[in-house]
Structure formats: structure tokens, C-alpha cells
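# fold the following.
(chains A and B)
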Protein chains: 2
Amino acid sequence: MSVLIVGSTALDSIKTPKAENPRLLGGSASHAAVAASFFAPVKLVGVVGEDFPRRYVRLYEHHKIELAGLQRLPGKTFHWSGEYEANMNNRRTLLTELGVFETFTPKLPEAHRSAPFVLLANIAPALQHHVLDQMRRPRFVTADTMDLWLNVALPDLLRLLKRLDAFVLNDSEAQQLTGEENLFTALRKIHRLGPKYVVIKQGSHGSVLSGPRGQFLCPAYPLRRVVDPTGAGDSFVGGMMGYLAAGKGSIDGNIRRAMVYGSVVASFCCEGFGLQRTTRVTRAQIEERVRELQRLTKF
Amino acid sequence: MSVLIVGSTALDSIKTPKAENPRLLGGSASHAAVAASFFAPVKLVGVVGEDFPRRYVRLYEHHKIELAGLQRLPGKTFHWSGEYEANMNNRRTLLTELGVFETFTPKLPEAHRSAPFVLLANIAPALQHHVLDQMRRPRFVTADTMDLWLNVALPDLLRLLKRLDAFVLNDSEAQQLTGEENLFTALRKIHRLGPKYVVIKQGSHGSVLSGPRGQFLCPAYPLRRVVDPTGAGDSFVGGMMGYLAAGKGSIDGNIRRAMVYGSVVASFCCEGFGLQRTTRVTRAQIEERVRELQRLTKF
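Reported below is the predicted structural model:
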């Protein structure tokens, strides 16, 4: 089955202590869509400007990502620029130019409205609502978010939580949303806000799922060298949704492995700037890391 | 087989945002010894003063901990006082009164010198050396440490690393020791300093083993309520060594499960002040959490 993915499609200029890379293909939807494409057909919904490089369109196409929902508008593509500290965890935003993203209204082509799996990647909650309003009874809806929306659009986000099957956020966002330092208490509180499945991402420490079959501690793949973690969270949730969409059987029966596959795609994402490493990965390499994670966690 | 455990035996006065508990039984050797006692016979080596409460001796005895190596000297017992912040991770020392610990020289009773398993719990590296000097070819020697020794006794510690089978330290200590932000690169560098097995503790994120059979990502048991994390690291390594000492077969065949058992005992430790919760735990409760960790990590 296919996954519809809406989010930001951007150009990222990324600086790390070791290198600087301008105008990479980025944005939550780009990372999530490429990650999901290893497992299932993807329909991308987003917006780009006239400056969006042709080679990035080819890159989407290379991953067989359906682009009927990608609007091209007069103006500039959303441009984000950020810098990482030596530990590759802390980053600061140097520049945000919204461009055509400022007035973006996702409009779904007719054929997109019946996609069974929907990933509302990080984007304003109002736009996430707007996408859901156009869908016809999707089977499984997941949303990701970021701290910005907790600060400036909390009522929209709280309303969104009641419309989701799964909600994915990172540990500091979970703490901000619930006022709880303890992750496992935070999970409980987030369930009460609506979602049946809650996933808290913890960067290099993996992630935790809470769902109808209890909790799952999902490992992160051990990396010796992190080149650029931008988009790792989006890759994780994209990989997870792609795997779920491809899976036979129940969500409950597949979601743990879906998270592990997402985690593995995220690990590849961290090994290159932007999408440079992810787009070169093969399914066989993904399978190898999944097997390795099995060996690394067995006792 | 038995485990010889040397380290500090102290009185801990602990303050958290919710409560204050004076003069609890504490110290690295106390926590490690009680943890190990669930699995194997323990010989404790340490020192206490005249003020050491009789009820704490009975508590050791209740856990069948052999006390022939516990010196009682004129003067006061080592007293540590600390305060935790709301997140229960950051703590600051309010007071350290070394007392009889200041001039402590571990002297092993004859019967202790042939113990097959030796745990050099956190204590000055010079004293850890002194214990090893008295041992007769132990089968497996593990040492723990703390940041203080990296700062004030690094040459002693580096010499010690060459005498160990296993070295256990936490993530920030590993970073300080190797100058490496990346945990997996740090593991490699620590191997080069001597130990065949290196375990890096990451608090509520679990721990990582690197050994002859590769790496193992050991989970932490999910806790909703952390009352007092003091001694959790000591409980972890104590439980691990107790389990190894009790195990049939090879170290390599047992060490993963040994870490999981250590992790579970550490989780109980965090649920009460000092040793209050740990000393009330049953083996059946430990087994239940080990099974639960298996369910929580399976995919």
C-alpha cells in the first residue's frame, strides 16, 4: 500500500565543524519520502520555488516518489541554514527563508485522497489538519512535530492529536508538551491527549514506543562517525511508515520491526550530508543493519 | 564461585526535591555487594568507623556478605552528602568527610586472596592496585571508576587498566578519558589501553558492552519514578559480577545476561533511597524484570 507524505521540501545549508554544504536537498518531507521509498510507493505533498534544482526532482523520481502533489510556485524554495557543534547534537539555526513555503496550502490531487497510510511530517499543525480534511478514511495516520509548534501553535497541535493513530516526537518535546521529566510518565500523558501509539525519539539512544501491546525499546544503530544528523528523525518516521505500509498483517504485529527499519534508515542518513548517503543505500544494506541490530540486542 | 568486592563503605545523606534522608548505608562496595549477593557469595573489603550503625552490619549479614575483610577503625565512617536536581540526573556534593577512609589500606584475609572474581568498585586506583597485588591469579577482574580519579590519579588508573579483564565507566568519563565524543570510537580507544571488555554506562539509556564477541546494547529497565539514583552504577556492576560468578560456562556466553541482571538490580536501586529498595527485592522480582526487558526489546 502507498504512503502519502506531507511536510517541508527545502534547501538546507549545513555547517559542521568539519565541512560546509550549501543548498542540499532537505526538509521533513524529502527525508521521510526517500526513507519510506525503500519499502512502499510514496506520494509526496509539498511546495518548491522556481530555484528548486532539476537534479533534486530527478532524485525524487529515482526513488519512484509520486510528485503530482508537489507544487511549483513562483518565488524561492524554503531555505534553512544551520550549524552543528562538535558533539553533533546541539545545532543552531543561522537563517530561515520561508520563500514559497510561507503561503503553502497543501492541495491533494484526487488520487492522493484515498492513500491508506498518511505521514504528516513536521510542518505547521494547521497544514497537517488541512491535509487530513482532504483524506478519505485513511487506515493509519502518523504525525511528527517540532518544538516550534509547541510554542506557537499548541491549540492546533492538541486538536490534531485527537485525529491521529500515532504521534512521534523527541524527548525534549515530550517533556515540553507534558511537563514531565520522566519519559515513561510522559508517554502515558500523551496517550491521554489522543494517540493510540506514541513514539518518543531519543537521538543516538534510540526510541521508545508505547502502544496497545505495551512498550518497545527500539535501539539506534551504533555509528562511529556522524557526518550530519539533519533529517534523521524524519528518516526514522518515514522508514517506519514505509515499512508499515508494505507490511502484511496488523499494525501491532509490524510496528516494532517498522521502527527498527526506520532506525536503520536514520543511521544511514547521519552518515552523509543531507540525503547524500541515504539516496545511495540499497535494501540489502538496510537488511544487513537490521540483522546486526538483532545481534547487538539479543540476550 | 565467590566475588571479592572492594570499594567504599559509607554513610550517605541524600537530598532530593521530594525528600531528605540522612546517614543511609552507602558507598560503592555496599551497593555492589548487595547487588552481587542475589547471585553469588560475596566477600566485602572496606573500612568503617566506630559510628557505623550495627543495623547496617546486620543488613550485610542478612545478604550473607562475608565481612572478614571489613575493617573497623577508631574514628568516623566516610560520610557523603549530596543533593539531586528535579531531573534526578544532575547532583552536587554538599559535603565529603573521609573519616577512617582517609588512611584506608585494604588488607585481604588469607581466604580472600583466592577469590576467582574480583570487583574493584569505585575507590582510588592506588587502592585497587593494592588489592590486586594481594590476589592469587583471579579468574576475572573488573574495575569501576569515577571522574575524580581521571582528574587526580590518571597515571595510576592507566596502569590499572592493563591489569583488568573488564573496565566499567560512564559515558562522560569515557569521553574525558579518550577525548572522544563518539561512544563507539571511545570504546575502541579504551580497549587499546588494556581491557578486553569495556562497558560504558549511560544511566537511564542503558549501557554498551564491547568485547571479544562484539558489542551488546544493554537496555535500562523503564522506570516511571526515580526516587534516588545513588549507587545505581555500583548496583549494575555488582549485579553483573555476581551473575558472572554464579554462571556456568564462559564469560562470553554469560556477560550479556549478566549485564541485563545488573541493569535490573540497578533499576530497583533507583526506586528507593540508598539501599532501602534493593535490600527488599526478591530473586523472583529480578527474574520478572529480566523477562520484561526481553519482551520490551524483542523485534
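# what mean pLDDT does the helix or strand encompassing A:Ser81 have?
Assigned by DSSP states H and E, A:Ser81 belongs to strand A:78-84. The pLDDT scores in strand A:78-84 average 95.
# which parts of it are buried?
Using 16 or more other C-beta atoms under 10 Å in any protein chain shown as the test for burial, strand A:78-84 gives A:Phe78, A:His79, A:Trp80, A:Ser81, A:Gly82, A:Tyr84. To be clear about C-beta, it is placed using only N, CA and C from the backbone, and glycine gets the same treatment.
# for stretch A:133-140, same thing?
For stretch A:133-140, the buried set under the neighbour-count rule, 16+ other C-beta under 10 Å, comprises A:Gln134, A:Met135, A:Pro138, A:Phe140.
# span of it from start to end?
End-to-end distance for stretch A:133-140: 14 Å, by C-alpha to C-alpha, to the nearest Å.
# list the contacts of it.
Here stretch A:133-140 makes contact (C-beta atoms under 8 Å, 6 or more residues apart in numbering or on different chains) with A:1, A:4, A:106-108, A:112-118, A:141, A:165-166, A:241, A:244, A:251.
# just to revisit the earlier point, can you redo the buried residues of strand A:78-84 as JSON lines with distance to chain B?
Conversion of the buried residues of strand A:78-84 to JSON lines gives the following (distance: C-beta to the nearest C-beta, whole Å):
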{"residue": "A:Phe78", "distance to chain B": "31"}
{"residue": "A:His79", "distance to chain B": "29"}
{"residue": "A:Trp80", "distance to chain B": "24"}
{"residue": "A:Ser81", "distance to chain B": "23"}
{"residue": "A:Gly82", "distance to chain B": "18"}
{"residue": "A:Tyr84", "distance to chain B": "11"}
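# quick check: closest non-adjacent residue to the residue most central in space within chain A.
The C-alpha lying nearest the average C-alpha coordinate of chain A belongs to A:Asp234 (C-alpha atoms, centre = their mean; 2.3 Å). Nearest residue to A:Asp234, sequence neighbours excluded (C-beta to C-beta, 6 or more residues apart in numbering or on different chains): A:His31, at 3.6 Å.
# list the residues that contact the closest residue to A:Leu98 other than its chain neighbours.
Among residues not flanking A:Leu98 along the chain, A:Phe78 sits closest, at 5.8 Å (C-beta to C-beta, 6+ apart). The contact partners of A:Phe78, taken as C-beta under 8 Å, 6+ apart, are A:Ser8, A:Thr9, A:Ala10, A:Leu11, A:Gly27, A:Val47, A:Gly49, A:Glu97, A:Leu98, A:Gly99, A:Val100, A:Phe101.
# hey, where'd the helices end up in the stretch 151-299 of chain A?
A:154-161, A:171-178, A:183-192, A:232-246, A:251-270, A:283-297 (DSSP state H, counting those that start in this stretch).
# any chance of the ones you listed in TSV, with mean pLDDT too?
Shown next, in TSV, are the helices of the stretch 151-299 of chain A (pLDDT from 0 to 100):
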stretch	mean pLDDT
helix A:154-161	98
helix A:171-178	97
helix A:183-192	97
helix A:232-246	98
helix A:251-270	98
helix A:283-297	98
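# which residue does the stretch 1-150 of chain A have closest to chain B?
A:Asn87 (4.8 Å; C-beta to the nearest C-beta).
# for B:Ser172, see how far away that residue is.
12 Å (C-beta to C-beta, to the nearest Å).
# these two: who's more crowded?
B:Ser172 (14 against 11; other C-beta atoms under 10 Å in any protein chain shown).
# for chain A, see how far away the residue nearest to that one when sequence neighbours are not counted is.
Among residues not flanking B:Ser172 along the chain, B:Asp147 sits closest, at 7.0 Å (C-beta to C-beta, 6+ apart). Distance, B:Asp147 to chain A, by C-beta to the nearest C-beta, to the nearest Å: 18 Å.
# where does B:Asp147 fall, phi/psi-wise?
The phi and psi values for B:Asp147, taken as degrees, to the nearest 10, are phi -60, psi -40.
# tell me, how many residues neighbour it?
Per other C-beta under 10 Å, the neighbour tally for B:Asp147 reads 13.
# which residues of chain A lie near chain B?
By C-beta under 8 Å from any C-beta of the partner chain, the residues of chain A that approach chain B are A:86-88, A:181-185, A:188, A:202, A:204-205, A:208, A:214-219, A:222-226, A:256-257, A:259-260, A:294-299.
# list the contacts of whichever residue of the stretch 101-250 of chain A sits closest to chain B.
Closest residue of the stretch 101-250 of chain A to chain B, C-beta to the nearest C-beta: A:His205 (4.3 Å). Residues counted as contacts of A:His205 (C-beta under 8 Å, 6+ apart) are A:Ala220, B:Gln202, B:His205, B:Gly206.
# how close does the last one get to chain A?
Pointing back at B:Gly206 there. Counting by C-beta to the nearest C-beta - B:Gly206 and chain A are separated by 8 Å.
# show the model's pLDDT score for the nearest residue to that residue once chain neighbours are set aside.
Take B:Gly206 and drop its neighbours on the chain: the residue closest to it by C-beta to C-beta, 6+ apart is B:Ala220, 4.2 Å away. Per-residue confidence (pLDDT) for B:Ala220: 98.
# and for A:Val6?
For A:Val6, the predicted pLDDT is 98.
# can you get me a residue count around the closest residue in space to A:Gly247 that isn't next to it in sequence?
The shortest distance from A:Gly247 to any non-neighbouring residue, by C-beta to C-beta, 6+ apart, is to A:Asn254 (3.9 Å). For A:Asn254, the count of nearby residues is 18 (other C-beta under 10 Å).
# count of residues packed around the closest residue to A:Pro125 other than its chain neighbours?
In space, A:Pro125 comes closest to A:Asp156 once its chain neighbours are excluded; the distance is 3.7 Å by C-beta to C-beta, 6+ apart. Using other C-beta under 10 Å, A:Asp156 has 15 other residues around it.
# quick one, what contacts A:Asp156?
Here A:Asp156 is in contact with A:Ala124, A:Pro125, A:Ala126, A:His129, A:Trp149 (criterion: C-beta under 8 Å, 6+ apart).
# measure it to A:Phe101 for me?
17 Å.
# and A:Asp228, by the same measure?
Here the criterion is C-beta to C-beta. By it, A:Asp228 lies 21 Å from A:Phe101.
# same question for A:Leu177.
Applying C-beta to C-beta, the value for A:Leu177 to A:Phe101 is 24 Å.
# A:Lys43 in helix, strand or coil?
Classification of A:Lys43 by DSSP: H, G, I helix; E, B strand; the rest coil places it in strand.
# how much space between it and A:Glu20?
Applying C-beta to C-beta, the value for A:Lys43 to A:Glu20 is 33 Å.
# more neighbours, the two?
The residue with more neighbours, out of A:Lys43 and A:Glu20, is A:Lys43; 24 against 11, by other C-beta under 10 Å.
# is that one in contact with A:Val6, as I believe?
No: look at A:Lys43 against A:Val6 with C-beta atoms under 8 Å: they stay out of range, at 9.2 Å.
# joint contacts of those two?
When contacts are counted by C-beta under 8 Å, 6+ apart, A:Lys43 and A:Val6 have A:Gly69 as shared neighbours.
# can you count the residues close to the residue nearest to A:Asp234?
34.
# and the strand or helix carrying it, what does it pack onto?
Element membership of A:His31, judged by DSSP H and E, is helix A:28-37. With contacts taken as 3 or more C-beta pairs under 8 Å, 6 or more residues apart in numbering or on different chains; DSSP states H and E, helix A:28-37 sits against strand A:3-6, strand A:42-48, helix A:54-62, strand A:65-72, helix A:232-246, helix A:251-270.
# how about A:Met88, secondary structure?
Assigned by three-state DSSP, the conformation of A:Met88 is coil.
# show the contacting residues for it.
Contacts for A:Met88 were tallied using C-beta under 8 Å, 6+ apart; they are A:Thr16, A:Val226, A:Asp228, A:Pro229, B:Glu181.
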